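Q: sequence and predicted structure, then a few things I'm wondering about:
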Amino acid sequence: MTGIRVVGADAHDQVAEFEPDPAPGSVLARLRRQTELQQRDRTVDVEIGGAFDPPIIARYGVLPARELDRYAELVGGTSNLELVLDMLTRTCRALLSADEDGELVELRDELGPMTYGHRLAVALAMPIPPGEDDLPGRDVLLILFGGNGFAVAEHAGRVVSWMQNPGGPAPGESSGATD
């Protein structure tokens, strides 16, 4: 078998060692490249509708497999708003908007990039209840959507649909997605 060499004293303590460079164009070279592509960080940008001009765009990543059981009912089409809000806040990697030149830039403050959370609420002068020192991300998300649960559900539906096949037609590639 080209590309793999098994070493060890017996069948119970064998260790596979891989050749560093399989032959160009070989099946092993192609599969290694595809494996590398599958491991890339994949994201999708989804616009937050409403009065924002230019729009705010949320960049989402894939939900880690270890957390899938928690959100399984979302994949089945059931919409539990608390689960939707939690999933969106957990998978949001960045919030972006266009600058004066029309280039997409991350929303940042002196502490760095912002996602759904208290820092964003303060930066956008959102209504914060008296005595609230740390507005939860799900509350900030609802404020961004004007409290419209249907709009949040539609937004989440787009994200969940993408997560079901973030690789698109080829491993590691997504239509409309960024890397």
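A: Structure's in. What do you need?
Q: can you pull the pLDDT of the closest residue to residue 166 other than its chain neighbours?
A: Distance criterion C-beta to C-beta, 6 or more residues apart in numbering; nearest residue to residue 166, sequence neighbours excluded, is residue 42 at 4.6 Å. Bear in mind the C-beta positions are built from the backbone N, C-alpha and C, glycine included. pLDDT, residue 42: 81.
Q: wait, residue 42 touches residue 93, no?
A: No - counting by C-beta atoms under 8 Å, residue 42 stays clear of residue 93, with 10.4 Å between them.
Q: between these two, who's got more neighbours?
A: A count of neighbours by other C-beta atoms under 10 Å puts residue 42 above the other of residue 42 and residue 93, at 22 against 17.
Q: off-centre distance for the helix or strand harbouring residue 154?
A: Remark: residue 154 resides in helix 149-163, with elements defined by DSSP states H and E. Between the centre of helix 149-163 and the centre of its chain there are 13 Å (C-alpha atoms, centre = their mean, to the nearest Å).
Q: for the residue at minimal distance from the centre of the chain, list each beta-bridge partner.
A: Centroid check for the chain by C-alpha atoms, centre = their mean gives residue 61 as the closest residue, at 0.9 Å. Note on residue 61: beta-bridge partners by DSSP bridges are residue 43.
Q: which residues in this structure form helices?
A: With DSSP state H, the ranges of helices along the chain come out as 27-39, 68-75, 81-91, 118-123, 137-144, 149-163.
Q: any idea how far residue 155 is from residue 126?
A: In this view, residue 126 and residue 155 are 18 Å apart by C-beta to C-beta, to the nearest Å.
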